[in-house]
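Student: Make a model of this:
(chains A and B)
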Amino acid sequence: MMRRFVLIAIPYLWLLALFLVPFAIVFKIALSDAAIARPPYFPQFDWVEGIGAFLAELDFENFVWLTEDDLYWKAYLSSLRIAFISTFLTLLVGYPMAYGMARAPEEWRPTLMMLVILPFWTSFLIRVYAWMGILSNEGLLNQFLIWTGLIDSPLTILNTNTAVYIGIVYTYFPFMILPIYSALERLDGSLIEAAEDLGCSRLQAFWLVTIPLSRAGIIAGCFLVFIPTLGEFVIPSLLGGSDTLMIGKVLWEEFFSNRDWPVASAVAVVLLLLLIVPIVLFQRNQQKQQEAEQ
Amino acid sequence: MNRLSWFNTVSLTLGFAFLYIPMVILIIFSFNESKLVTVWGGFSAKWYGELLQNESFLQAAWVTLKVAVLSSTLATVLGTMAAYVLVRGGRFLGRTLFSGMIYAPLVMPEVITGLSLLLLFIGIGLDRGVMTIVLAHTTFAMCYVSVVVSSRLITFDRSLEEAALDLGCSQAEAFRLVTLPIIAPAVISGWLLAFTLSLDDLVIASFTAGPSATTLPIKIFSAVRLGVSPEINALSTIMIGIVTVGVVTASLVTKRQMVRQRRDEQNAERS
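Tutor: Predicted structure coming up:
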């Protein structure tokens, strides 16, 4: 009995101390005032004065501030927009590829699978960096386009939202492929044959049979791309321009450049609230799928 | 249906080209003579030489490796415990909270995890350095490990453990002699995942590292912000090489093991 208790207690306490408590601190600081002090916020928790006095000092000023300053609204909205658009683009790129993999000869599939996963093991930072040399004004893409004669002067791609979309699609598209692939692989080929026998054209069969049957995979893939994209920091700060607003970047700058900890914490709290909806929907989708399998 | 249609061939080719061409370009230009990363100036390995003489990169690499080994090992132990508790622990007070805390870090934006841990470390007056990065990495990596290990534990045939207990093993012996060898592949892949997550991490490390400890991603990020540089290309090539060799070896080893296991099972059935 003792052993079971210890086994439960160790990981439990670890997560309480290093996940839940830090979280509570973020909430607390979000409700504090900025102060020129170390640490730079007020009030600080004081066991002697007790919780009552502490709570009396808290206020929602930082959240009011977030609603008043245009920057934050715009950053939240533009994060949502960028996340939506790039999820959609990732689906457009990922679906045909997952489909091709699922239709490939069976003995190829493990290799194809490994080829999709392999880049995922290499550093995220390096994969984003790789695009900087390609997309810049003197970059290879512009050199190539000028060489083919399609354009006369280089296009500005790096440091725009277009570069951010490319970066997101590139780094996250294994997340889109894997769930769609596993849905398509299980799909019974005779269903499509039946649809074709019953007079569907290829395209109709694809639209009426394949797509609906891979829906769970599509939904899972979209969430797996959408959720991490919303809080993304590396891609907008390396590929995006100064006008690329994403909330992860704003939080980072608020904290490291402006050193305004209470506002940074308030931004974090709102970002979290924003994420709860897609996370709950994703959980539901997964649960429904599991139940359907049983 | 066993031959690829032209549409599938095209989409697979384009897809894999999209995945791999940027990396190939990155690798090719690490051997570029010219300082300009986008203009080919002839073959040369001089950037590798300069990289090896750059003390600050080597030091950052050493810190990164230390953090990755420590945190992934700790995360594997804690994550395996957590998985065992979740799958076999039965009911206990706060089980829902526990499983919530296991899954939440997987979807938590890194900026929030990093910020919250930094605020904790400052709140309790812990000096930031290698230790704080290890604590931070262990916390999020253990959740990944526990997801990987618990998915193996769920499919595990419990009667094997019961048989060991019936034959006189103590609970601990049964775990060591029966359970652990069976879940070992999942534990190992959990460790590998934790290790690469730690090697990769920029955001959480930036928040939790003090001025005394700089990891390789932090170093790369601050260099890359100023623009593309051939030294970073060389460094990236080395990292890609190590990962590729590691992943390919690991997958070959597991494939061989699976073949052997299948053969053993067939032999057992025959005899």
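
Student: can we go C-alpha only for contacts and neighbour counts from here?
Tutor: Fine.

Student: Any idea which helix or strand in chain A has the lowest mean pLDDT?
Tutor: Ranked by mean pLDDT, DSSP states H and E, the helix or strand of chain A with the weakest confidence is helix A:50-57, at a mean of 56.

Student: buried ones in the helix or strand following that helix?
Tutor: As assigned by DSSP states H and E, the chain's next helix or strand after helix A:50-57 is helix A:61-68. Neighbour-count burial for helix A:61-68 flags A:61, A:62, A:63, A:66 (criterion: 16 or more other Cα atoms under 10 Å in any protein chain shown).

Student: Among these, which one sits closest to residue B:207?
Tutor: residue A:62 (21.5 Å; Cα to Cα).

Student: separation between the closest one and residue A:24?
Tutor: 16 Å (Cα to Cα, to the nearest Å).

Student: pLDDT below threshold where in the stretch 1-150 of chain A?
Tutor: Applying pLDDT under 70 to the stretch 1-150 of chain A flags the ranges A:1, A:34-59.

Student: Which residues are in contact with the residue positioned nearest the centre of chain A?
Tutor: Nearest to the geometric centre of chain A sits residue A:228, at 1.6 Å (Cα atoms, centre = their mean). Residues in contact with residue A:228 (Cα atoms under 8 Å, 6 or more residues apart in numbering or on different chains) are B:107, B:108, B:109.

Student: Output the stretch of helix or strand it belongs to as PDB - backbone C-alpha positions only.
Tutor: In the assignment (DSSP H and E), residue A:228 maps to helix A:215-230. C-alpha atoms of helix A:215-230 as PDB (Å, rounded to 0.1, in the frame of the first residue of the first chain):
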ATOM      1  CA  ARG A 215     -13.500  13.100 -41.800                       C
ATOM      2  CA  ALA A 216     -12.300  12.100 -38.300                       C
ATOM      3  CA  GLY A 217      -8.700  12.200 -39.500                       C
ATOM      4  CA  ILE A 218      -9.200  15.600 -41.200                       C
ATOM      5  CA  ILE A 219     -10.700  17.100 -38.000                       C
ATOM      6  CA  ALA A 220      -7.900  15.600 -35.900                       C
ATOM      7  CA  GLY A 221      -5.200  16.900 -38.200                       C
ATOM      8  CA  CYS A 222      -6.700  20.400 -38.400                       C
ATOM      9  CA  PHE A 223      -6.800  20.700 -34.600                       C
ATOM     10  CA  LEU A 224      -3.200  19.400 -34.300                       C
ATOM     11  CA  VAL A 225      -2.100  22.200 -36.600                       C
ATOM     12  CA  PHE A 226      -4.500  24.900 -35.400                       C
ATOM     13  CA  ILE A 227      -3.800  24.600 -31.700                       C
ATOM     14  CA  PRO A 228       0.000  25.000 -31.700                       C
ATOM     15  CA  THR A 229      -0.100  27.600 -34.500                       C
ATOM     16  CA  LEU A 230      -2.200  29.900 -32.400                       C
END
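
Student: so what does the host helix or strand of residue B:241 touch, helix or strand wise?
Tutor: Secondary structure assignment for residue B:241, by DSSP H and E: helix B:230-270. When contacts are defined as 3 or more Cα pairs under 8 Å, 6 or more residues apart in numbering or on different chains; DSSP states H and E, helix B:230-270 packs onto helix A:109-121, helix B:6-30, helix B:46-53, helix B:216-224.

Student: Tell me which of those lies nearest to residue B:124.
Tutor: Residue B:124 lies closest to helix B:216-224 among these, at 24.5 Å (Cα to Cα).

Student: what's the distance between the closest one and the middle of its chain?
Tutor: 19 Å (Cα atoms, centre = their mean, to the nearest Å).
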